[in-house]
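Enquirer: Sequence first, predicted coordinates after that:
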Amino acid sequence: MSSIGDLSFARPKGRLPAGRMFGAGLLVLLGCFAIIGPMLIPADPAAQDFSASLAPIGGDFLLGADHYGRSLLARLAHGARLSFGLAFLTMLAAALPGVLLGLAAAWRGGWTERFLELSATIVLALPGLMLVLLLLAFAPGNYAPLFLGLSLTLWVEFYRVTKATTKSVLAQPHIEAARMLGFGSCYILVNYILPVIAPMIATLSAFAMATAIIAVSTLSAISVGLQPPTPELGSMIVELLPYYAEAPVHVLLPAMLIVLLVLGLQLLAQGDHG
């Protein structure tokens, strides 16, 4: 029997948790800045003006200029677009094969599942950043090895969650009943399996994008990822760090943008727990 207190704190069905709503709103704002910002901001993120080196916030530069006199507003907008774009593509490249292979392993079992499990175990045996670094050694500073390395690292989570959940659903009595009634695999997939795994995949996708943003920024910060003058947020922090005493806010701006991007994705993924 429910108490009055339980009823008063019950969350209305269909209403998004506050954490998820805040995360979604934050990502919408940052997404608009990343997509529309580079088109509206007239400054070239690579244009140098040494007379404006470390220009303060305001005046000709709304968010100041870096040590080369480049507009920080323009570089932040392009950096946000780069981080969002690369993280989204990495997530797609990890999620699509991960989900499809997870479904195949759960549905077919046998040698298919054993082979895929072995492949996933081999990938997990290598530390994620180590795999990315090995690929970057062949083409340092390029997008392709960075994208490929992160995708190869992240697909395993999608695969394992999809496989485990699908096997659990397929073992339910109502699935056997559906098969006895003549419903095919497509019907079972669309009506019974996808509705169960979709929320989990959405959560994993948000985590994967957050992981990709942190990894790209970290690798650029240690000079093995994307290289200057590419406006990447991690490399911007490293470039401006020697000038922290003269312009501390300039160093904090790209760092705060990374924090906000990751925070929005984490809140979006963890909203159901709030």
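Expert: Perfect, I can see it now. Predicted model only: the values in this text are computed from it and were never measured.

Enquirer: so residue 55, which of the three states?
Expert: In the three-state summary, residue 55 is assigned as coil, counting by DSSP: H, G, I helix; E, B strand; the rest coil.

Enquirer: Show the contacting residues for the closest residue to it other than its chain neighbours.
Expert: Distance criterion CB to CB, 6 or more residues apart in numbering; nearest residue to residue 55, sequence neighbours excluded, is residue 65 at 4.0 Å. (Glycine included, C-beta is placed from N, CA and C.) Contact analysis of residue 65 by CB atoms under 8 Å, 6 or more residues apart in numbering lists 49, 52-55, 71-72.

Enquirer: which one of those residues is nearest residue 246?
Expert: Residue 246 lies nearest to residue 54 out of those, by CB to CB, at 5.7 Å.

Enquirer: could you list every residue that touches that closest one?
Expert: When contacts are counted by CB under 8 Å, 6+ apart, residue 54 touches 64-67, 243, 246-247, 250.

Enquirer: Centroid-nearest residue for this protein?
Expert: Closest to where the C-alpha atoms of the chain average out (CA atoms, centre = their mean) is residue 209, at 0.6 Å.

Enquirer: what about it, helix or strand, and which?
Expert: Here residue 209 sits within helix 194-221, counting by DSSP states H and E.

Enquirer: Okay, angle between the helix or strand just after that helix and helix 194-221 too, please.
Expert: The helix or strand immediately downstream of helix 194-221 is helix 233-240, counting by DSSP H and E. Relative orientation of helix 233-240 and helix 194-221, computed by axes from the mean of the first three to the mean of the last three CA atoms, to 10 degrees: 20 degrees.

Enquirer: please begin residue numbering at 28 from this point
Expert: All right, first residue 28 from here; so that's helix 260-267.

Enquirer: what is the rounded mean pLDDT of helix 260-267?
Expert: What helix 260-267 shows for mean pLDDT is 90.

Enquirer: Ok, stretch 47-61 next?
Expert: 92.

Enquirer: got it, and stretch 177-193?
Expert: 93.

Enquirer: now swap in stretch 200-218 and tell me
Expert: Throughout stretch 200-218, pLDDT has a mean value of 83.

Enquirer: CA-only coordinates of that stretch in PDB, if you can.
Expert: Output in PDB follows, covering the C-alpha atoms of stretch 200-218 (Å, rounded to 0.1, in the frame of the first residue of the first chain):
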ATOM      1  CA  PRO A 200       8.300 -17.300 -22.800                       C
ATOM      2  CA  HIS A 201       6.400 -14.700 -24.900                       C
ATOM      3  CA  ILE A 202       9.100 -14.900 -27.600                       C
ATOM      4  CA  GLU A 203       8.600 -18.600 -27.900                       C
ATOM      5  CA  ALA A 204       4.800 -18.000 -28.000                       C
ATOM      6  CA  ALA A 205       5.300 -15.500 -30.800                       C
ATOM      7  CA  ARG A 206       7.400 -18.000 -32.800                       C
ATOM      8  CA  MET A 207       4.800 -20.700 -32.300                       C
ATOM      9  CA  LEU A 208       2.200 -18.300 -33.700                       C
ATOM     10  CA  GLY A 209       4.300 -17.900 -36.800                       C
ATOM     11  CA  PHE A 210       5.800 -14.400 -36.300                       C
ATOM     12  CA  GLY A 211       9.200 -14.100 -38.000                       C
ATOM     13  CA  SER A 212      12.500 -12.800 -36.800                       C
ATOM     14  CA  CYS A 213      11.900  -9.300 -38.200                       C
ATOM     15  CA  TYR A 214       8.600  -9.000 -36.200                       C
ATOM     16  CA  ILE A 215      10.300 -10.100 -33.000                       C
ATOM     17  CA  LEU A 216      13.200  -7.800 -33.500                       C
ATOM     18  CA  VAL A 217      11.100  -4.700 -34.200                       C
ATOM     19  CA  ASN A 218       8.400  -5.300 -31.600                       C
END
